[in-house]
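*Asks:* Here is a sequence with its predicted model. Questions after.
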Amino acid sequence: MTTFHVALSGVTKDYGKQRAVDGIDLNLRPGECVALAGHNGAGKSTLIKLILGLIRPSSGQVLLLGHEASGSAAVRMRNDIGYLPETVALHPSLTGAETLAFYARLKRQPLANNAALLARVGISQAAKRRVGGYSKGMRQRLALAQALLGAPKVLLFDEPTTGLDPASRLLFYEIVRELRNNGSTVLLSTHALAELDGHTDRIVVLKNGSKIADGSMSQLRHVADLPIRIRLRLAAGAWAPGALPDAWRRVDETQFELACSERDKVAAIRGIGAIGLPMDDIEIHTPSLDDMYAHFLRREDV
Ligand SMILES: Nc1ncnc2c1ncn2[C@@H]1O[C@H](COP(=O)(O)OP(=O)(O)OP(=O)(O)O)[C@@H](O)[C@H]1O
């Protein structure tokens, strides 16, 4: 019996001649949050639909909680799965509370927990208002509440933070942290890599249906080995030709920049200290997630 909540091996999905997912292996442990990153059409939604059992793989195997995701046993597991689709269709004439009650009945969950769930996603105040009058962020929060019904073991979120304001995004990642702490597995797809920092255990980068990177943020940083930039501001008039090693690029009268690898950073700073030039400031720019993401996608283009 597998210890993974989700296990994909050699999964390929073709839509006619279009290969949407190409030979993916992916294991998700209990309590793990994994982000699926990739450009439009990379195969993220298809992968999520395969895990949900909404579509079958053309080849390979998708196991959800130890059962074939598209098999009959999976139907019995529906209550253990929470799904937030990319586009949320909610009935405009129902109130928030009625909408959640509707989904709770579908999932055969007691209605007694609904008020707490609406409070958890921050829409208690609007629970009695019709969804037609909700903002995009409120609709997304309500859709999140339906995904959380029944404390699922596996949560699949398709671009959950698109269109959310920063406060709603923070709330979302707070809920993700609670889910992880309770042993649930969270898989979320996103274009917004920069907001993931610290919120996920792993990032899987997809390109044209294939996995091109898979690891923790620090592992991906290590593999990408992008240069960091050290920017130095010297006291006015302190610089003279030859005062700094050639590797330092002059930015303006007082500022200089060095691109170096992470492991050479400390030596570079010590070297500057040893020269003894009067410094006003020193800044270190580490590559952003978006820089790293661009690096992985570019690397595959070669
Ligand atoms: N039902 C379908 N029929 C035919 N082709 C499809 C179908 N669904 C997806 N595709 C194709 O499969 C590929 C992967 O699509 P998918 O929706 O999984 O990508 P995605 O990474 O979720 O993209 P986005 O970020 O735009 O949502 C695309 O080329 C898409 O056109």
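*Replies:* Okay, I see it.
*Asks:* near the ligand, which residues of the stretch 51-200 of the chain?
*Replies:* By Cβ under 6 Å from any ligand atom, the part of the stretch 51-200 of the chain that sits against the ligand consists of Glu86. In this view, the C-beta of every residue, glycine as well, is placed from N, C-alpha and C.
*Asks:* mind listing the helices for the stretch 51-200 of the chain?
*Replies:* 96-106, 114-120, 136-148, 166-181 (DSSP state H, counting those that start in this stretch).
*Asks:* residues making contact with the first one?
*Replies:* If I follow you right, that is helix 96-106. 90-91, 94, 110-111, 113-115, 117-118, 123, 126-129, 131, 134, 138, 142, 145-146, 149 (Cβ atoms under 8 Å, 6 or more residues apart in numbering).
*Asks:* before we move on, what about the third one?
*Replies:* Residues outside helix 136-148 that contact it (Cβ under 8 Å, 6+ apart): 82-85, 88, 90, 96, 99-100, 103, 114, 117-118, 120-123, 126, 131, 134, 155, 157, 160, 163-165, 168, 171-172, 175, 179.
*Asks:* quick one, strands of the stretch 151-300 of the chain?
*Replies:* Applying DSSP state E, counting those that start in this stretch to the stretch 151-300 of the chain gives strands spanning 154-158, 185-190, 202-207, 210-215, 228-234, 249-250, 255-260, 279-285.
*Asks:* worst-scoring helix or strand of the chain, pLDDT-wise?
*Replies:* One helix or strand of the chain scores below all others by mean pLDDT, DSSP states H and E: helix 289-301, with a mean of 77.
*Asks:* Return the most buried member of the helices of the stretch 51-200 of the chain.
*Replies:* Of all the helices of the stretch 51-200 of the chain, helix 136-148 carries the top mean neighbour count, a mean of 21, counting by mean count of other Cβ atoms under 10 Å.
*Asks:* pLDDT on that one, on average?
*Replies:* Helix 136-148 comes out with an average pLDDT of 93.
*Asks:* what's the angle from that helix to helix 166-181?
*Replies:* Relative orientation of helix 136-148 and helix 166-181, computed by axes from the mean of the first three to the mean of the last three Cα atoms, to 10 degrees: 10 degrees.
*Asks:* what's the offset of helix 136-148 from the middle of its chain?
*Replies:* Relative to its parent chain, helix 136-148 has a centroid offset of 18 Å by Cα atoms, centre = their mean, to the nearest Å.
*Asks:* quick one, it and strand 154-158 angle?
*Replies:* 160 degrees.
*Asks:* Return helix 136-148 as PDB; C-alpha atoms alone will do.
*Replies:* Written as PDB, here are the backbone C-alpha positions of helix 136-148 (Å, rounded to 0.1, in the frame of the first residue of the first chain):
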ATOM      1  CA  LYS A 136     -14.400  38.400  -7.300                       C
ATOM      2  CA  GLY A 137     -12.400  38.000  -4.100                       C
ATOM      3  CA  MET A 138     -15.500  37.100  -2.100                       C
ATOM      4  CA  ARG A 139     -16.600  34.600  -4.700                       C
ATOM      5  CA  GLN A 140     -13.200  33.000  -4.600                       C
ATOM      6  CA  ARG A 141     -13.300  32.800  -0.800                       C
ATOM      7  CA  LEU A 142     -16.700  31.200  -0.900                       C
ATOM      8  CA  ALA A 143     -15.400  28.700  -3.500                       C
ATOM      9  CA  LEU A 144     -12.500  28.000  -1.200                       C
ATOM     10  CA  ALA A 145     -14.900  27.300   1.700                       C
ATOM     11  CA  GLN A 146     -16.700  24.600  -0.500                       C
ATOM     12  CA  ALA A 147     -13.300  23.000  -1.200                       C
ATOM     13  CA  LEU A 148     -12.600  22.800   2.500                       C
END
